[in-house]
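1. Provided below for reference: sequence and predicted model.
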Amino acid sequence: MDTASHSLLGTSLAGAACMYPQVAEQPGLFSAILTATLIASHAPDFDAITRVHSYAAYLRHHRGITHAIPAWFVWPIVIGLPISWLFQVGDEWPLVLLYTWLAIMVHIGLDWLNAYGVQAGRPFSLRWRHADVLCLFDPFLFVVHLIGVISWLWLTLTDAAWLFIGGYAVTLLYIVWRWKVHQRLLHRLQEQFPGGLHYQLVPEVTWHSWQYVVEYEQHYETGWIRHCNPLRLSSAVTFEKHSIYNKMFIDDRVMEPALMTDGVRAFLGFAERVIVRTQRWSDGYKIIWNDVRFWHRRGLPFGVEVELDEQLRVVRTKVGWSKKGWEPPYV
């Protein structure tokens, strides 16, 4: 999820820890748990440092090993133990580690629930896992936990604990409801578009709006589901898996040097519903790969472009998003 939501959920988790009398009664212990949950709520995203090297490195490593099974147990030790020592609550280190671990798992679980997903199986598997249930930013969950944090100002730590526990209970019920809606719509989608090889729903910010992608042998079809009725709307678009702009065939000899670039390899290691478009220019070639999962009304904002000259030398590579951070799709 987004950074603000992770922060709110980490704060809520520390508030819920006040259900333990020793946490509510010891300011030092509460401060240690709050610090630990806030740091742990962001720790898996520390892989963003790879962006300094290149976007290709960021794409290859983001939500990778820092979200994977080994990290589930390394992060609590790396974060929780030093904080226990720093706040001089060494006798309560198991409780600090427990809530550090919970914050890590909440972060990874929420990332798994959206369309971008996580490589939770690394280093044993590079498969991307995503449930496609929640948008990157979910207004309902944000408001639920924001109300809890604001209400905290007028409550004691003990009373606030049950408020936050209730907030997490609402969160769990909400996720179950979204999961059931997703499964029901996916079933309807399969009935509406028989013969597809793969079906996927990508959640929108609003509750009753989903993007669908249906994969066929030679093309993808994508559009919108509104009010739980899968329809071929006017915004529906068909994308050929391979298309040529100007009807001039570009053979594998041209594709090979583009496929060898770091940006293309990183993109293809992440993308799942790929189309490739090729164009012959007067002074070279242009090849574009896009992931249809992240289509929006304005086109395909996520992909990689490679420009080659006449001698098939790479002139320019651009990988990533061609949209502003606040523009859809939100993944």
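-> Okay, I see it.
2. ok, then the element right after the helix or strand containing residue 94?
-> Residue 94 belongs to helix 93-113 when assigned by DSSP states H and E. Downstream of helix 93-113, the next assigned helix or strand under DSSP H and E is helix 139-151.
3. could you tell me the angle between that following helix and helix 93-113?
-> 150 degrees (axes from the mean of the first three to the mean of the last three Cα atoms, to 10 degrees).
4. what's in contact with helix 139-151?
-> 4-5, 8-9, 11-12, 15, 134, 160, 163-164, 167, 170-171, 174, 205, 207 (Cβ atoms under 8 Å, 6 or more residues apart in numbering). All C-beta spots, glycine's among them, are computed from the backbone N, C-alpha and C.
5. mind redoing it with 6 Å?
-> Contact partners of helix 139-151, identified using Cβ atoms under 6 Å, 6 or more residues apart in numbering, comprise 5, 8-9, 11-12, 163-164, 167, 170-171.
6. filter those residues down to the buried ones.
-> Among these, those classed as buried by 16 or more other Cβ atoms under 10 Å are 5, 8-9, 11-12, 163-164, 167, 171.
7. which two from these end up farthest apart in space?
-> 5 and 163 (18.0 Å; Cβ to Cβ).
8. just to revisit the earlier point, tell me which of the buried ones among the contacts of helix 139-151 is nearest to residue 20?
-> Distances from residue 20 to those, taken by Cβ to Cβ, are shortest for residue 164, at 12.7 Å.
9. low-confidence regions, the stretch 151-300 of the chain specifically.
-> Counting by pLDDT under 70, the stretch 151-300 of the chain shows low-confidence ranges at 227-235, 244-251, 297-298.
10. and the helices in it?
-> For the stretch 151-300 of the chain, helices defined by DSSP state H, counting those that start in this stretch occupy the ranges 157-192, 252-259, 262-270.
11. to residue 37, which of those lies closest?
-> helix 157-192 (11.1 Å).
12. okay, buried residues for that closest one please.
-> Buried residues in helix 157-192 (16+ other Cβ under 10 Å): 157, 160-161, 163-165, 167-168, 171, 174-175, 178, 181-182, 185-186, 189, 192.
13. mind listing what's buried along stretch 32-43?
-> 32-41, 43.
14. hmm, who's touching it?
-> With Cβ under 6 Å, 6+ apart, stretch 32-43 has contacts from 6, 10, 13-14, 17, 75, 79-80, 83, 87, 89, 96, 99-100, 103-104, 107.
15. let me see the contact set for the nearest residue to residue 59 once chain neighbours are set aside.
-> Nearest non-adjacent residue to residue 59, counting by Cβ to Cβ, 6 or more residues apart in numbering: residue 266, 4.6 Å away. Shown in contact with residue 266 (Cβ under 6 Å, 6+ apart): 56, 59-60.
16. cool, thanks, signing off.
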